[in-house]
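>>> next one to model:
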Amino acid sequence: MSGGVVASFIVGTLMDRFGLEICTALTLLLGMVHMVVLQYFSDRYVWMIAGFFVYVMFRQFLFPVFIASLTARLGFKYFGLLNGLGFAASGIMQAFMALLVEFVQGDCHLNLDNAKDCDFGRWQQLHTAEFVIFGLLLLVPFFDHREKQQQDKQLVAKRGIRDSWRNLKLQSSGSLLSLPNYQGSGETGNTTTNYGTLPTHEEISLSFESEADIHGMDAF
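As a prediction, the model looks like this:
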């Protein structure tokens, strides 16, 4: 089982590349595959070896995903406390594992000579319940992933609006600098001066209104 530490590097790479939601779903799927092997192929040696490999991968995926979920949802302010509480809860549940095994094991391991008439216990019910729980937990990364996609779309839309208004602002500023050169003339003594007439009051008002609208859109 210690060789499964290699899976820690795998889950770290997958988390950086595809995100926490995908890795959470993959972890739960590994748990479901393990339950299927125990449910339907418990009497086949090769399948049980494969199921043990899947179980090792599941455990190695579980702890990094748990820690990453804490930081992603609750931040780092109380990370140590929450992480300790999580592992403490796991340790407390381990104390009840012996009682659970006693409840579901049956007596076939005590009657190897008469295996057909022995009590197989409640292992199938237990594995079915675990499979259902993993399936329900899959809804969490599914909705998280969909919510993240919606947030990304909204962010892209806001950035597009902001960039459009910035371009409009630049165009408006350029139009103010390139107002028409109204020609006029005036005489001062014997000198004729081409000073050009100023824009009308309506043109100046429209320009300032455009500037105010653009500055208001910079809040995006």
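>>> all strands of the protein, in order?
Per DSSP state E, the chain carries strands over the ranges 186-188, 191-193.
>>> tell me the domain boundaries of the protein?
Per automatic domain parsing, the structural domains of the chain span 2-137, 153-217.
>>> so which of the ones you listed gets nearest E147?
Nearest to E147 among these is domain 2-137; the distance by CB to CB comes to 9.3 Å. C-betas here are computed from N, CA, C, even on glycine.
>>> now the closest one: average pLDDT?
Averaged over domain 2-137, pLDDT sits at 85.
>>> buried ones in the lengthiest helix in the chain?
The longest helix of the chain (DSSP state H) is helix 139-177. Residues of helix 139-177 classed as buried by neighbour count (16 or more other CB atoms under 10 Å): P141, D144, H145, W165, K169.
>>> for it, what is the distance to the chain centroid?
In this view, helix 139-177 has its centroid 20 Å away from the chain centroid, taken as CA atoms, centre = their mean, to the nearest Å.
>>> kindly report the same for stretch 125-144.
Centroid separation for stretch 125-144 versus its chain: 18 Å, with CA atoms, centre = their mean.
>>> keeping just the C-alphas, turn that stretch into PDB.
What follows is stretch 125-144, C-alpha atoms only, in PDB (Å, rounded to 0.1, in the frame of the first residue of the first chain):
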ATOM      1  CA  GLN A 125     -25.900  -4.600   1.800                       C
ATOM      2  CA  LEU A 126     -22.900  -2.600   3.100                       C
ATOM      3  CA  HIS A 127     -21.200  -2.400  -0.300                       C
ATOM      4  CA  THR A 128     -24.500  -1.300  -1.900                       C
ATOM      5  CA  ALA A 129     -25.000   1.400   0.700                       C
ATOM      6  CA  GLU A 130     -21.400   2.700   0.200                       C
ATOM      7  CA  PHE A 131     -21.900   2.700  -3.600                       C
ATOM      8  CA  VAL A 132     -25.100   4.800  -3.200                       C
ATOM      9  CA  ILE A 133     -23.400   7.200  -0.900                       C
ATOM     10  CA  PHE A 134     -20.500   7.700  -3.300                       C
ATOM     11  CA  GLY A 135     -23.100   8.200  -6.100                       C
ATOM     12  CA  LEU A 136     -24.900  10.900  -4.100                       C
ATOM     13  CA  LEU A 137     -21.700  12.700  -3.300                       C
ATOM     14  CA  LEU A 138     -20.900  12.900  -7.000                       C
ATOM     15  CA  LEU A 139     -23.600  15.600  -7.200                       C
ATOM     16  CA  VAL A 140     -21.400  18.000  -5.200                       C
ATOM     17  CA  PRO A 141     -18.500  18.300  -7.700                       C
ATOM     18  CA  PHE A 142     -21.100  18.200 -10.600                       C
ATOM     19  CA  PHE A 143     -22.900  21.300  -9.300                       C
ATOM     20  CA  ASP A 144     -19.600  23.000  -8.300                       C
END
